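>>> sequence and predicted structure are below.
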Amino acid sequence: MADEKDSGSGSIGRPSWDPVVSTVALELVGLAISGLVALVGWPFGWLPDISFVGLVTGVIAIGPAAELYSEAGPPRRLAVVAALLALATVRLLVAAAVNWAFPALADPGVGILVGYLVALPVGVAVLAWFLTKANVA
């Protein structure tokens, strides 16, 4: 591929959108696992709570971000701070929008979960962008 090159400076050797796509795919896997847990527990009257779904999804989907971090060169702190700020900002904005758009939801944690699911790929995209930019210069 034309985007894949190794400059020898520890730059990321894949397109910057690849980790974002992987993160979304892994989020879907995490949601599917949470759905299976809900299907198994439903006949017994147990359903997973929102924090359990967020935790399972986050743990499963963190792989691309960890891989980006471990493959990058030494100037990684700014990229991590920018990614965490993007994740927190997007999570809060989306959670506020969901809670505003659907005020009748019984659990306001749904807005936080949706915000987290949207913010995680955004955070990975920011991390990839900063790491690529830092290592190209």
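In hand now; what should we look at?
>>> what residues of stretch 49-62 count as buried?
Residues of stretch 49-62 classed as buried: 50, 53-54, 56-57, 60-61 (neighbour count, 16 or more other Cβ atoms under 10 Å). All C-beta spots, glycine's among them, are computed from the backbone N, C-alpha and C.
>>> check which helices and strands the lowest-mean-pLDDT helix or strand in the chain sits against.
Lowest on mean pLDDT, DSSP states H and E among the helices and strands of the chain sits helix 109-136, with a mean of 87. Counting contacts by 3 or more Cβ pairs under 8 Å, 6 or more residues apart in numbering; DSSP states H and E, helix 109-136 packs against helix 18-41, helix 50-61, helix 63-71, helix 77-101.
>>> can you list those helices in JSON lines and add distance to residue 128 and mean pLDDT?
Formatted as JSON lines, the helices and strands packed on helix 109-136 follow (distance: least, Cβ to Cβ, whole Å; pLDDT from 0 to 100):
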{"stretch": "helix 18-41", "distance to residue 128": "5", "mean pLDDT": "93"}
{"stretch": "helix 50-61", "distance to residue 128": "14", "mean pLDDT": "91"}
{"stretch": "helix 63-71", "distance to residue 128": "6", "mean pLDDT": "90"}
{"stretch": "helix 77-101", "distance to residue 128": "8", "mean pLDDT": "91"}
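>>> turn those helices into TSV, including distance to residue 116.
Below are the helices and strands packed on helix 109-136 laid out as TSV (distance: least, Cβ to Cβ, whole Å):
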stretch	distance to residue 116
helix 18-41	9
helix 50-61	5
helix 63-71	13
helix 77-101	5
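>>> and of the ones you listed, who's closest to residue 133?
Set against residue 133 and scored by Cβ to Cβ, the helices and strands packed on helix 109-136 come closest in helix 77-101, at 8.5 Å.
>>> buried residues in the closest one?
Counting neighbours by 16+ other Cβ under 10 Å, one finds that the buried residues in helix 77-101 are 79-80, 82-83, 86-87, 90-91, 94-95, 98-99.
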